[in-house]
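Enquirer: Next come a sequence and a model predicted from it.
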Amino acid sequence: MIQEQTQTNAEDHEPKNSELAVGSLICGLVSSLSFYIVKFLAELLGVSSRNVGEFLSGLIIYAVPLFCIASIILCIMALLSIKQSNGELKGKGLAISGQCTPPHSLY
């Protein structure tokens with residue numbers, strides 16, 4: 001009876017997404033879409049175009065590269081933890097997507 005319950009619990013255990021992989025994807029998307037998000041919010045709030053330009057230049061110079069670097073570091077950490085988890089973690093595609101999205105925001 002106890003062995004049957006243990007086998008049933010082991011079979012029901014589904015691997016969960018790696019939190020590092022999800023973080024990598026979020027950082028990649030934020031770095032890629034930050035320009036458009038700020039521009040949309042500025043138009044929505046009615047901020048002058050000069051102020052928006054100054055803010056966007058600061059955002060592009062400082063914040064976007066930080067999110068790109070964070071995304072790449074989280075991706076590497078996620079792929080390593082997924083590999084070492086022996087099937088308990090999944091999310092390899094999320095981690096790779098997080099690594100692929102930020103580079104285009106640097107160009």
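Expert: Arrived safely, thanks for sending.

Enquirer: neighbours of the closest residue to L94 other than its chain neighbours, just the number please.
Expert: Residue nearest to L94 in three dimensions, not counting chain neighbours: A21, with 4.0 Å by CB to CB, 6 or more residues apart in numbering. Yep, even glycine has a C-beta here, placed from its N, CA and C like the rest. Counted by other CB atoms under 10 Å, the residues lying close to A21 total 27.

Enquirer: any idea how far A21 lies from G91?
Expert: In this view, A21 and G91 are 3 Å apart by CB to CB, to the nearest Å.

Enquirer: before we move on, what about S49?
Expert: In terms of CB to CB, S49 sits 40 Å off from G91.

Enquirer: which ones are touching the most centrally placed residue in the chain?
Expert: Centroid-nearest residue in the chain: L25, 2.1 Å away (criterion: CA atoms, centre = their mean). Contacts of L25 were listed using CB atoms under 8 Å, 6 or more residues apart in numbering, and they are 71, 94-95, 97-98, 101.

Enquirer: same deal with N51?
Expert: N51 makes contacts with A42, as judged by CB under 8 Å, 6+ apart.

Enquirer: Likewise for the one 5 residues further on?
Expert: If a contact means CB under 8 Å, 6+ apart, then L56 has 35, 38-39 as its contacts.

Enquirer: and those residues as JSON lines, adding distance to E14 and neighbour count?
Expert: Shown next, in JSON lines, are the contacts of L56 (distance: CB to CB, whole Å; neighbours: other CB atoms under 10 Å):
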{"residue": "F35", "distance to E14": "37", "neighbour count": "14"}
{"residue": "V38", "distance to E14": "38", "neighbour count": "17"}
{"residue": "K39", "distance to E14": "40", "neighbour count": "15"}
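
Enquirer: May I see the residues you listed arranged in a markdown table, with distance to S57, secondary structure and pLDDT as well?
Expert: Converted to a markdown table, these look like this (distance: CB to CB, whole Å; DSSP: H, G, I helix; E, B strand; the rest coil; pLDDT from 0 to 100):
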| residue | distance to S57 | secondary structure | pLDDT |
| --- | --- | --- | --- |
| F35 | 11 | helix | 73 |
| V38 | 11 | helix | 74 |
| K39 | 12 | helix | 75 |
